[in-house]
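Q: coordinates only, sequence not included:
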C-alpha cells in the first residue's frame, strides 16, 4: 500500500492521500488523474482495471484502490 | 402591365422582404420558441427548460440587466457581463438573457484559482457578474445570482427589448472566451454574432445532422467547443443535454446516460472520446442513438477513432480543426476511408466562406506545393474581433493580409504549422511557438513558467512537453528539491490542467552557448 501511495503522490503531489477518503465524491481527482492512475496501477501490479470497476467506491481512497488491486490479483 | 400582375409582383417583393438575413443569434431562439414552444431546449441532470420558457426567462433577465444599468445611471451596450458557470441549464439561460440586454457574455469557471480569476476580471472589467449557482468562493463587487436576478414579479418590456434589437448589428460581440497567454495573462477572444451565424450555417450545410438533434454536451461552457452545441442546437430547434462532469471521470455510466437522454450528436474534445476508447467503455454498454460524432482540440489517434467506428459503423465521423480566434473551426475532414495506425488524420479543407492558407516562415510567401511546411493562416468572416483590452497581442496575431496591400484586410496567424498532403488535404504538424495541447486544453508553457519563476524559492524554471507520454515536465533550478512547494505555489495561480505532471530538479540548469536554458538538450535527455 505504501508503494501505491507513492504512485498516487507522483501523479498528484498536492493531495494528502493518507487522509483523503472522498477522492471522487469531493472532486479531488479528475478524468486526467483517473487515466494516469489506472495506467500506472495496471503497469505496476500487472492487473487490468476494466470499465465495470470505474465506480467512485473503488477510487475514493488509497485503501479502496488497494482493495480493488488485491481483488483483481486474486482473480 | 395590368393591375393583377402588379399586385402579385408586389406580393413577391414583400415576401422577399420578409426573409431577412439573420443578424443576431437570438433570432434562432425566437424561431424555435414560435415553432416548437414545448420542445426541450436545454437540460442537465436536474432540470430542463423548453423553448417557450427559455425565451420568456431570457427576456426577463435581459430587462433586469437594463434596469440594473439604469439604477446606476448608466446604459450598457456591448458591455462584458461575466457568468460564473457550472454544468447547468441556468448558465445557458443567463447567456441568452445577457444577449437580450444588448451585451455579451463571458463564461468564467470559479473553481479556477482566485488569483487567475482576478487577472481575468482585471482585463475584462465586467459591468456585472452573474452566478449561475447559489454559492461561490469568489469575492467580487457587482455580483448577484441567477435566483436573485429573477426574484420578484415577472415583468418585461417588449418595447425595450425590440429597441435594443433594432439597434444591434451582427458585428456586435456575442461572447468573449479567455485562453492561456504566454506572458502570464490570459487573453479574452471576442467573437461576434456574424462569425457564429456563419459557422452554424456552414455546419448545417456540410454535416448530416439528424432531424431532431440532441447534442450531448461535454465541453465546459468556458471553452468555445460548447458554443457549437449551443448554437447548432438553437439553429435547428434541437436539444442540448449537458452531461454531468463525473461521467467523464469514471465513465461507466456515460453511455447509459447518453442513451437515456437520446443523444444523437456529440461534438467533443478528442480527450473525451479517448476516455471511452482507453477504458473500452463499449464493452459494458453500446450507444443506441449516436449518428454524428465530431471531435477537435488535438490530433485524434487512429486506434481510438477505430474503436469508435467499429462500434458505430453507420455514424458520420468528422475531424474539426481551428483555434478559438477563428470561431471554433475553420476546417473539417469527414472520415471517408480506413486509416492505418501509423497514419495521421488530415485536418482537411476549409469551410465554405473561409480561406486557409500556408505562409512560408522564411520568405513570407504563400506555399502552394505539396509537402512543404508553413504557418496556417485564416481569412474570412470567421475571424474573431481580437483580444479584449489587449491591442498588443491582437496586433501580433491579427494582421494585414500579407498577400495584398491594396486595402485593409485582416487575417489570423494561428501559430500552427501545416502542409498539404498528396490528396490536397491540409495536415497539422505542430506549433511554431511554445503553445501545447494537453488533454484537450490549450496551454502556453510560458504562462506556467511565468508563475514558476515568480516563486521566491525557485532560481529558474523551464517547461517542456512530453507529447508521447502526454506530460508537462517542469525542469527547475533551486537550492533543493521542492516539488510539493511548487505545486502549492502553482495551485494559487493556475488551474489544475496547467500543473506539471513531472518535476525534474537541477542544481544547475543546462545552458546553451547563448547562455539560455537549453530546451533542446532537456527535451533530448529527459523525454
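A: That came in fine, so what should we check first? Bear in mind that the values here come from a model prediction, so they are computed numbers and not experimental data. Numbers count the residues shown, from 1 in each chain, chains lettered A, B, ... in the order given.
Q: Against which helices or strands is the strand or helix carrying residue B:162 packed?
A: Using DSSP states H and E, the element containing residue B:162 is helix B:158-166. Other elements packing on helix B:158-166 under the criterion 3 or more Cβ pairs under 8 Å, 6 or more residues apart in numbering or on different chains; DSSP states H and E are helix B:51-71. For every residue, glycine as well, the C-beta is placed using N, CA and C.
Q: Buried residues, the helix it packs on. List them.
A: B:51-66, B:68-69 (16 or more other Cβ atoms under 10 Å in any protein chain shown).
Q: Please apply the same query to stretch B:19-38.
A: B:22, B:23, B:24, B:25, B:26, B:27, B:28, B:29, B:30, B:32, B:33, B:36.
Q: How about stretch B:491-503?
A: For stretch B:491-503, using 16+ other Cβ under 10 Å, the buried residues are B:493, B:494, B:495, B:496, B:497, B:498, B:499, B:500, B:501, B:502, B:503.
Q: Stretch A:39-48 too?
A: For stretch A:39-48, burial by neighbour count (16+ other Cβ under 10 Å) applies to A:41, A:45, A:47.
Q: Averaged pLDDT, it. What do you get?
A: In this model, stretch A:39-48 has a mean pLDDT of 93.
Q: so how far is it from its chain's centroid?
A: Remark: stretch A:39-48 is offset 10 Å from the chain centroid, using Cα atoms, centre = their mean, to the nearest Å.
Q: cool, and stretch B:42-52?
A: Using Cα atoms, centre = their mean, the offset of stretch B:42-52 from its chain centre is 22 Å.
Q: Run through who's touching that stretch.
A: The contact list for stretch B:42-52 (Cβ atoms under 8 Å, 6 or more residues apart in numbering or on different chains) reads B:29, B:32-33, B:36-41, B:54, B:57, B:87-89, B:92-93, B:237, B:239-242, B:244, B:261.
Q: got the end-to-end distance for it?
A: Across stretch B:42-52, the terminal residues are separated by 12 Å (Cα to Cα, to the nearest Å).
Q: Need the nearest residue in space to residue A:69, chain neighbours excluded.
A: In this structure, residue A:69 finds its nearest non-sequential neighbour in residue A:45, 5.1 Å apart by Cβ to Cβ, 6 or more residues apart in numbering or on different chains.
Q: List the residues that contact the one you found.
A: A:69, A:72, A:73.
Q: The first one: neighbour count?
A: Neighbours of residue A:69 under the rule other Cβ atoms under 10 Å in any protein chain shown: 20.
Q: now it, what's its secondary structure?
A: Following DSSP: H, G, I helix; E, B strand; the rest coil, the label given to residue A:69 is helix.
Q: Could you report the separation of it from residue B:279?
A: 17 Å (Cβ to Cβ, to the nearest Å).
Q: ok so, going back, closest to residue B:323 out of the buried residues of stretch A:39-48?
A: Proximity of those to residue B:323 (Cβ to Cβ) peaks at residue A:41, which lies at 35.6 Å.
Q: any idea which element the closest one lies in?
A: Counting by DSSP H and E, residue A:41 is part of helix A:31-45.
Q: For chain A, what lies in contact range of chain B?
A: A:11, A:13-14, A:24, A:27, A:29-32, A:34-36, A:38, A:50-52, A:54-56, A:59 (Cβ under 8 Å from any Cβ of the partner chain).
Q: Check the residues you listed for burial and list the buried ones.
A: Buried among the residues of chain A next to chain B (16+ other Cβ under 10 Å): A:11, A:13, A:24, A:29-32, A:34-36, A:38, A:51, A:54, A:56, A:59.
Q: Tell me which two of these sit farthest apart.
A: Spatially, the most separated pair among these is A:13 and A:51, at 27.9 Å (Cβ to Cβ).
Q: Counting neighbours, what do you get for residue B:342?
A: Residue B:342: 6 neighbours (other Cβ under 10 Å).
Q: Ignoring the adjacent residues along the chain, who's closest to it?
A: residue B:302 (7.9 Å).
Q: Tell me where chain A has helices.
A: A:2-11, A:31-45, A:56-59, A:62-74 (DSSP state H).
Q: tilt between the second one and helix A:62-74?
A: So that's helix A:31-45. Counting by axes from the mean of the first three to the mean of the last three Cα atoms, to 10 degrees, helix A:31-45 points 50 degrees away from the direction of helix A:62-74.
Q: what angle sits between helix A:31-45 and helix A:2-11?
A: Interaxial angle of helix A:31-45 relative to helix A:2-11 (the same axes, to 10 degrees): 140 degrees.
Q: phi, psi of residue B:49?
A: With angles defined as degrees, to the nearest 10, residue B:49 sits at phi -140, psi 140.
Q: So what pairs up with it in the strands?
A: Beta bridges link residue B:49 to residue B:42, judged by DSSP bridges.
Q: Could you count how many residues lie near it?
A: Counted with other Cβ under 10 Å, residues neighbouring residue B:49 total 20.
Q: again, but for residue B:469
A: Counted with other Cβ under 10 Å, residues neighbouring residue B:469 total 11.
Q: which strands and helices sit next to the helix or strand hosting residue B:27?
A: Using DSSP H and E, residue B:27 sits within helix B:26-35. Helices and strands touching helix B:26-35, by 3+ Cβ pairs under 8 Å, 6+ apart, are helix B:51-71, helix B:89-100, helix B:225-235.
Q: Pipe the ones you listed into CSV and attach mean pLDDT per row.
A: Below are these laid out as CSV (pLDDT from 0 to 100):
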stretch, mean pLDDT
helix B:51-71, 97
helix B:89-100, 98
helix B:225-235, 98
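Q: Quick one: closest of these to residue B:209.
A: Across those, residue B:209 has its closest neighbour in helix B:225-235 (7.2 Å, Cβ to Cβ).
Q: now for the helix or strand just after the closest one, which elements pack on it?
A: Next helix or strand after helix B:225-235 toward the C-terminus (DSSP H and E): strand B:239-242. In terms of contacts (3+ Cβ pairs under 8 Å, 6+ apart), strand B:239-242 is packed against strand B:40-43, strand B:214-217, helix B:225-235.
Q: Make CSV from these and add distance to residue B:205 and mean neighbour count to it.
A: Output for those, formatted as CSV (distance: least, Cβ to Cβ, whole Å; neighbours: other Cβ atoms under 10 Å in any protein chain shown):
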stretch, distance to residue B:205, mean neighbour count
strand B:40-43, 23, 24
strand B:214-217, 18, 25
helix B:225-235, 11, 24
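Q: Dump the ones you listed to JSON lines, plus distance to residue B:333.
A: Output for these, formatted as JSON lines (distance: least, Cβ to Cβ, whole Å):
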{"stretch": "strand B:40-43", "distance to residue B:333": "30"}
{"stretch": "strand B:214-217", "distance to residue B:333": "21"}
{"stretch": "helix B:225-235", "distance to residue B:333": "16"}
